[in-house]
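Chemist: turn this into a structure:
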Amino acid sequence: MTHEADPDLVGIELGLFVRALQQRYGYDFSGYAPASFRRRVTRLAQQHGGGTISSLTAQVLHHPDLLPSILDGLSVPVSEMFRDPPVFKALREEVLPWLASFPHINIWQAGCAYGQEVYSLAILLEEAGLYNRTQIYATDISPEAIRQAEQGIYPAKEAQQWSRNYLAAGGQHSLSDYYRARYDLIKIDQQLARNVVFAQHNLVVDKVFCEVQLILCRNVLIYFSTPLQNQALALFRSSLSRGGFLCLGNRESLDFAPVASEFMPVDAALRLYRLSSIA
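Modeler: This next block holds a predicted model:
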(Lines give C-alpha, C1' and ligand atoms only; values in the text may rest on other atoms or scores of the structure.)
Protein backbone atom coordinates (compact mmCIF):
# COMPACT_ATOMS: atom_id res chain seq x y z
CA MET A 1 0.00 0.00 0.00
CA THR A 2 1.38 3.43 -0.98
CA HIS A 3 0.83 6.73 0.81
CA GLU A 4 0.95 10.29 -0.48
CA ALA A 5 3.98 12.20 0.75
CA ASP A 6 3.26 14.64 3.56
CA PRO A 7 3.48 18.06 1.85
CA ASP A 8 4.76 19.70 5.02
CA LEU A 9 7.53 17.14 5.32
CA VAL A 10 8.42 17.51 1.63
CA GLY A 11 8.61 21.27 2.12
CA ILE A 12 11.07 20.80 4.97
CA GLU A 13 13.14 18.38 2.89
CA LEU A 14 13.23 20.79 -0.04
CA GLY A 15 14.35 23.61 2.22
CA LEU A 16 17.18 21.50 3.63
CA PHE A 17 18.21 20.40 0.12
CA VAL A 18 18.37 24.01 -1.09
CA ARG A 19 20.34 25.04 2.00
CA ALA A 20 22.79 22.16 1.54
CA LEU A 21 23.51 23.13 -2.08
CA GLN A 22 23.95 26.76 -1.11
CA GLN A 23 26.23 26.22 1.89
CA ARG A 24 28.27 23.35 0.46
CA TYR A 25 28.69 24.49 -3.15
CA GLY A 26 27.40 28.07 -3.42
CA TYR A 27 24.45 27.32 -5.70
CA ASP A 28 21.32 29.15 -4.59
CA PHE A 29 18.03 27.66 -5.84
CA SER A 30 15.86 29.36 -3.22
CA GLY A 31 14.26 31.67 -5.79
CA TYR A 32 13.24 29.02 -8.31
CA ALA A 33 9.54 28.55 -9.07
CA PRO A 34 8.40 26.03 -6.43
CA ALA A 35 6.27 23.64 -8.50
CA SER A 36 8.74 22.93 -11.28
CA PHE A 37 11.67 22.86 -8.84
CA ARG A 38 9.93 20.31 -6.64
CA ARG A 39 9.22 18.07 -9.66
CA ARG A 40 12.87 18.13 -10.70
CA VAL A 41 14.18 17.46 -7.19
CA THR A 42 11.71 14.61 -6.76
CA ARG A 43 12.92 13.08 -10.02
CA LEU A 44 16.53 13.40 -8.88
CA ALA A 45 15.63 11.77 -5.55
CA GLN A 46 14.25 8.78 -7.42
CA GLN A 47 17.41 8.55 -9.53
CA HIS A 48 20.08 9.21 -6.92
CA GLY A 49 18.60 9.41 -3.44
CA GLY A 50 16.72 6.21 -2.81
CA GLY A 51 13.40 7.95 -3.34
CA THR A 52 13.51 10.62 -0.65
CA ILE A 53 14.79 14.17 -0.86
CA SER A 54 16.52 13.74 2.50
CA SER A 55 18.56 10.85 1.11
CA LEU A 56 19.38 12.94 -1.97
CA THR A 57 20.60 15.76 0.29
CA ALA A 58 22.94 13.37 2.09
CA GLN A 59 24.27 12.09 -1.23
CA VAL A 60 24.96 15.63 -2.44
CA LEU A 61 26.70 16.61 0.78
CA HIS A 62 28.99 13.57 0.92
CA HIS A 63 29.62 12.95 -2.80
CA PRO A 64 30.78 16.11 -4.59
CA ASP A 65 31.28 14.11 -7.79
CA LEU A 66 27.48 13.87 -7.96
CA LEU A 67 27.08 17.65 -8.25
CA PRO A 68 27.29 17.89 -12.09
CA SER A 69 24.45 15.38 -12.42
CA ILE A 70 22.41 17.26 -9.85
CA LEU A 71 22.89 20.59 -11.61
CA ASP A 72 22.03 18.99 -14.94
CA GLY A 73 18.84 17.59 -13.45
CA LEU A 74 17.85 20.93 -11.94
CA SER A 75 18.35 22.83 -15.20
CA VAL A 76 16.03 22.47 -18.18
CA PRO A 77 18.28 22.14 -21.25
CA VAL A 78 15.61 21.86 -23.94
CA SER A 79 16.21 23.58 -27.27
CA GLU A 80 16.59 23.17 -31.02
CA MET A 81 18.38 24.97 -33.82
CA PHE A 82 16.60 28.13 -34.97
CA ARG A 83 13.83 27.52 -32.46
CA ASP A 84 10.98 29.94 -33.18
CA PRO A 85 12.23 30.95 -36.66
CA PRO A 86 10.56 34.40 -36.63
CA VAL A 87 12.81 35.32 -33.69
CA PHE A 88 15.94 34.48 -35.66
CA LYS A 89 14.58 36.26 -38.71
CA ALA A 90 14.05 39.36 -36.57
CA LEU A 91 17.59 39.08 -35.24
CA ARG A 92 18.86 38.83 -38.82
CA GLU A 93 16.85 41.82 -40.02
CA GLU A 94 16.61 44.10 -36.98
CA VAL A 95 19.67 43.42 -34.83
CA LEU A 96 22.53 42.33 -37.08
CA PRO A 97 22.58 45.59 -39.15
CA TRP A 98 23.12 47.52 -35.90
CA LEU A 99 25.77 45.08 -34.71
CA ALA A 100 27.59 45.63 -38.00
CA SER A 101 28.40 49.19 -36.85
CA PHE A 102 30.75 47.86 -34.14
CA PRO A 103 34.40 46.94 -34.78
CA HIS A 104 34.05 44.18 -32.17
CA ILE A 105 30.79 42.49 -31.16
CA ASN A 106 30.09 40.77 -27.83
CA ILE A 107 27.03 38.54 -27.44
CA TRP A 108 25.87 36.65 -24.37
CA GLN A 109 23.74 33.51 -24.74
CA ALA A 110 22.58 32.92 -21.16
CA GLY A 111 21.21 29.47 -20.43
CA CYS A 112 22.70 28.01 -23.60
CA ALA A 113 21.53 24.42 -22.84
CA TYR A 114 23.13 21.99 -25.29
CA GLY A 115 24.24 24.72 -27.69
CA GLN A 116 21.73 24.48 -30.51
CA GLU A 117 20.84 28.18 -30.35
CA VAL A 118 24.50 29.16 -29.99
CA TYR A 119 25.34 27.48 -33.29
CA SER A 120 22.21 28.96 -34.86
CA LEU A 121 23.42 32.41 -33.85
CA ALA A 122 26.91 31.67 -35.20
CA ILE A 123 25.37 30.73 -38.57
CA LEU A 124 23.43 34.01 -38.67
CA LEU A 125 26.60 35.96 -37.97
CA GLU A 126 28.61 33.95 -40.50
CA GLU A 127 26.07 34.59 -43.24
CA ALA A 128 26.02 38.30 -42.38
CA GLY A 129 29.82 38.50 -42.59
CA LEU A 130 30.08 39.47 -38.91
CA TYR A 131 31.33 36.35 -37.21
CA ASN A 132 35.06 37.02 -37.50
CA ARG A 133 34.67 40.09 -35.28
CA THR A 134 32.22 38.55 -32.83
CA GLN A 135 32.74 36.89 -29.45
CA ILE A 136 29.87 34.76 -28.16
CA TYR A 137 29.75 33.93 -24.45
CA ALA A 138 27.61 30.81 -24.05
CA THR A 139 26.83 30.07 -20.43
CA ASP A 140 24.75 27.61 -18.46
CA ILE A 141 24.54 26.49 -14.85
CA SER A 142 24.91 22.83 -15.88
CA PRO A 143 28.46 21.56 -16.56
CA GLU A 144 26.98 18.60 -18.45
CA ALA A 145 25.05 20.92 -20.75
CA ILE A 146 28.23 22.92 -21.39
CA ARG A 147 30.17 19.73 -22.17
CA GLN A 148 27.59 18.61 -24.71
CA ALA A 149 27.33 22.09 -26.22
CA GLU A 150 31.08 22.15 -26.79
CA GLN A 151 30.89 18.82 -28.63
CA GLY A 152 28.12 19.99 -30.96
CA ILE A 153 26.83 16.44 -31.56
CA TYR A 154 23.10 15.89 -31.94
CA PRO A 155 20.64 13.20 -33.09
CA ALA A 156 20.31 13.14 -36.88
CA LYS A 157 16.55 12.74 -36.54
CA GLU A 158 16.39 16.40 -35.48
CA ALA A 159 18.05 17.68 -38.66
CA GLN A 160 14.94 17.74 -40.85
CA GLN A 161 13.01 20.01 -38.49
CA TRP A 162 16.06 22.16 -37.88
CA SER A 163 16.50 22.59 -41.64
CA ARG A 164 12.92 23.82 -41.93
CA ASN A 165 13.53 26.22 -39.06
CA TYR A 166 16.69 27.51 -40.72
CA LEU A 167 14.96 28.27 -44.01
CA ALA A 168 12.00 29.89 -42.24
CA ALA A 169 14.50 32.11 -40.40
CA GLY A 170 15.84 33.41 -43.71
CA GLY A 171 18.71 30.95 -44.15
CA GLN A 172 20.78 31.64 -47.24
CA HIS A 173 22.10 28.14 -47.94
CA SER A 174 21.30 24.65 -46.70
CA LEU A 175 21.67 23.81 -43.03
CA SER A 176 23.52 20.66 -44.08
CA ASP A 177 26.38 22.93 -45.17
CA TYR A 178 27.09 23.45 -41.47
CA TYR A 179 27.26 19.89 -40.19
CA ARG A 180 28.52 16.41 -41.02
CA ALA A 181 26.22 13.40 -40.71
CA ARG A 182 27.39 9.97 -39.67
CA TYR A 183 25.22 7.05 -38.70
CA ASP A 184 22.41 8.48 -36.57
CA LEU A 185 24.28 11.61 -35.44
CA ILE A 186 25.24 14.98 -36.84
CA LYS A 187 28.26 17.03 -35.76
CA ILE A 188 28.26 20.77 -36.15
CA ASP A 189 31.19 22.22 -38.11
CA GLN A 190 33.60 23.25 -35.37
CA GLN A 191 34.49 26.39 -37.31
CA LEU A 192 31.21 27.68 -35.91
CA ALA A 193 32.63 27.32 -32.40
CA ARG A 194 35.83 29.26 -33.13
CA ASN A 195 34.55 32.45 -31.50
CA VAL A 196 32.46 30.87 -28.74
CA VAL A 197 33.48 30.71 -25.09
CA PHE A 198 31.47 28.05 -23.27
CA ALA A 199 31.43 28.54 -19.50
CA GLN A 200 29.45 27.83 -16.36
CA HIS A 201 27.55 30.83 -15.05
CA ASN A 202 24.88 31.03 -12.37
CA LEU A 203 22.37 33.82 -12.99
CA VAL A 204 21.48 33.76 -9.30
CA VAL A 205 24.87 34.50 -7.75
CA ASP A 206 27.33 35.39 -10.54
CA LYS A 207 27.81 38.98 -11.66
CA VAL A 208 28.44 41.00 -14.81
CA PHE A 209 31.52 39.69 -16.63
CA CYS A 210 31.65 41.95 -19.70
CA GLU A 211 29.71 44.51 -21.73
CA VAL A 212 27.68 43.04 -24.58
CA GLN A 213 25.53 44.36 -27.41
CA LEU A 214 23.08 41.44 -27.48
CA ILE A 215 21.77 39.05 -24.82
CA LEU A 216 19.64 36.00 -25.55
CA CYS A 217 18.07 34.23 -22.58
CA ARG A 218 15.11 32.27 -23.84
CA ASN A 219 12.83 30.14 -21.68
CA VAL A 220 15.06 30.24 -18.60
CA LEU A 221 13.32 32.89 -16.54
CA ILE A 222 10.04 30.96 -16.59
CA TYR A 223 11.59 28.65 -13.99
CA PHE A 224 12.43 31.56 -11.65
CA SER A 225 10.27 33.25 -9.05
CA THR A 226 9.36 36.89 -9.75
CA PRO A 227 12.10 38.34 -7.49
CA LEU A 228 14.69 36.13 -9.11
CA GLN A 229 13.46 37.06 -12.59
CA ASN A 230 13.86 40.72 -11.67
CA GLN A 231 17.36 40.04 -10.36
CA ALA A 232 18.38 38.35 -13.62
CA LEU A 233 16.84 41.11 -15.73
CA ALA A 234 18.79 43.70 -13.71
CA LEU A 235 21.95 41.71 -14.42
CA PHE A 236 21.16 41.74 -18.14
CA ARG A 237 20.49 45.46 -18.09
CA SER A 238 23.85 46.08 -16.38
CA SER A 239 25.60 43.93 -18.99
CA LEU A 240 24.12 45.64 -22.06
CA SER A 241 25.73 48.56 -23.84
CA ARG A 242 23.54 51.55 -24.68
CA GLY A 243 21.08 50.62 -27.38
CA GLY A 244 21.77 46.91 -26.84
CA PHE A 245 19.20 44.21 -27.51
CA LEU A 246 17.63 41.65 -25.16
CA CYS A 247 15.77 38.59 -26.46
CA LEU A 248 13.64 36.54 -24.07
CA GLY A 249 11.54 33.40 -24.50
CA ASN A 250 7.99 33.48 -25.82
CA ARG A 251 6.57 32.81 -22.33
CA GLU A 252 8.62 35.59 -20.73
CA SER A 253 8.24 39.33 -20.69
CA LEU A 254 9.65 42.57 -19.33
CA ASP A 255 6.14 43.66 -18.33
CA PHE A 256 6.02 44.83 -14.71
CA ALA A 257 9.78 44.28 -14.21
CA PRO A 258 11.59 47.17 -12.46
CA VAL A 259 13.90 47.57 -15.48
CA ALA A 260 11.02 47.73 -17.98
CA SER A 261 11.10 51.53 -18.21
CA GLU A 262 14.65 51.39 -19.53
CA PHE A 263 13.73 49.17 -22.49
CA MET A 264 11.55 49.66 -25.52
CA PRO A 265 9.95 46.79 -27.44
CA VAL A 266 11.35 46.11 -30.89
CA ASP A 267 8.84 43.29 -31.35
CA ALA A 268 6.85 42.59 -28.18
CA ALA A 269 5.29 39.42 -29.63
CA LEU A 270 8.76 37.99 -30.25
CA ARG A 271 10.02 39.24 -26.86
CA LEU A 272 12.73 41.35 -28.50
CA TYR A 273 13.61 44.53 -26.60
CA ARG A 274 16.16 47.31 -26.84
CA LEU A 275 17.83 49.22 -24.04
CA SER A 276 17.31 52.95 -24.32
CA SER A 277 20.30 54.68 -25.84
CA ILE A 278 20.21 57.21 -22.99
CA ALA A 279 19.94 54.58 -20.22
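
Chemist: what strand or helix carries Leu233?
Modeler: Assigned by DSSP states H and E, Leu233 belongs to helix 226-239.

Chemist: packing partners of that helix?
Modeler: On a contact count with 3 or more C-beta pairs under 8 Å, 6 or more residues apart in numbering; DSSP states H and E, helix 226-239 meets strand 105-110, strand 212-217. Yep, even glycine has a C-beta here, placed from its N, CA and C like the rest.

Chemist: and if we set it to 10 Å?
Modeler: strand 105-110, strand 212-217, strand 240-248, strand 263-267, strand 272-275 (3 or more C-beta pairs under 10 Å, 6 or more residues apart in numbering; DSSP states H and E).

Chemist: adding distance to Asp72, write those strands out as CSV.
Modeler: Converted to CSV, the helices and strands packed on helix 226-239 look like this (distance: least, C-beta to C-beta, whole Å):
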stretch, distance to Asp72
strand 105-110, 17
strand 212-217, 19
strand 240-248, 23
strand 263-267, 32
strand 272-275, 29
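
Chemist: would CSV of those with mean neighbour count be doable?
Modeler: Below are the helices and strands packed on helix 226-239 laid out as CSV (neighbours: other C-beta atoms under 10 Å):
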stretch, mean neighbour count
strand 105-110, 24
strand 212-217, 24
strand 240-248, 21
strand 263-267, 16
strand 272-275, 22
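
Chemist: closest one to Leu67 among those strands?
Modeler: Closest of the helices and strands packed on helix 226-239 to Leu67 is strand 105-110, at 20.7 Å (criterion: C-beta to C-beta).

Chemist: would you tell me what the next helix or strand after that closest one is?
Modeler: helix 116-127.

Chemist: next, the buried residues of the next helix-or-strand element following that following helix.
Modeler: Where DSSP H and E defines the elements, the next helix or strand beyond helix 116-127 is strand 134-140. Using 16 or more other C-beta atoms under 10 Å as the test for burial, strand 134-140 gives 134, 136-140.

Chemist: next one: stretch 88-106
Modeler: 88-92, 95-96, 99, 105-106.

Chemist: which residues of this structure score low on pLDDT?
Modeler: Along the chain, the model assigns pLDDT under 70 to residues 1-5, 49, 76-78, 277-279.

Chemist: change it to 50
Modeler: Scanning the chain for pLDDT under 50 picks out the ranges 1-3.

Chemist: what residue lies at the spatial centre of it?
Modeler: Centroid-nearest residue in the chain, with C-alpha atoms, centre = their mean: Gly111, separated by 1.7 Å.

Chemist: ok, and the closest non-adjacent residue to that residue?
Modeler: Val220 (3.6 Å; C-beta to C-beta, 6 or more residues apart in numbering).

Chemist: contacting residues for that neighbour?
Modeler: 75-76, 110-113, 140-141, 203, 229, 232, 248-249, 252 (C-beta atoms under 10 Å, 6 or more residues apart in numbering).

Chemist: looking at those, which has the most residues close by?
Modeler: Highest neighbour count within these: Cys112, with 31 neighbours (other C-beta atoms under 10 Å).

Chemist: picking that back up, could the contacts of Val220 go into CSV alongside distance to Val10?
Modeler: Formatted as CSV, these follow (distance: C-beta to C-beta, whole Å):
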residue, distance to Val10
Ser75, 21
Val76, 21
Ala110, 30
Gly111, 27
Cys112, 31
Ala113, 28
Asp140, 28
Ile141, 23
Leu203, 26
Gln229, 24
Ala232, 27
Leu248, 31
Gly249, 29
Glu252, 28
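
Chemist: rewinding a little: if you count neighbours, what's buried in the helix holding Leu233?
Modeler: 228-233, 235-237, 239.

Chemist: measure Pro7 to Pro34 for me?
Modeler: 11 Å (C-beta to C-beta, to the nearest Å).
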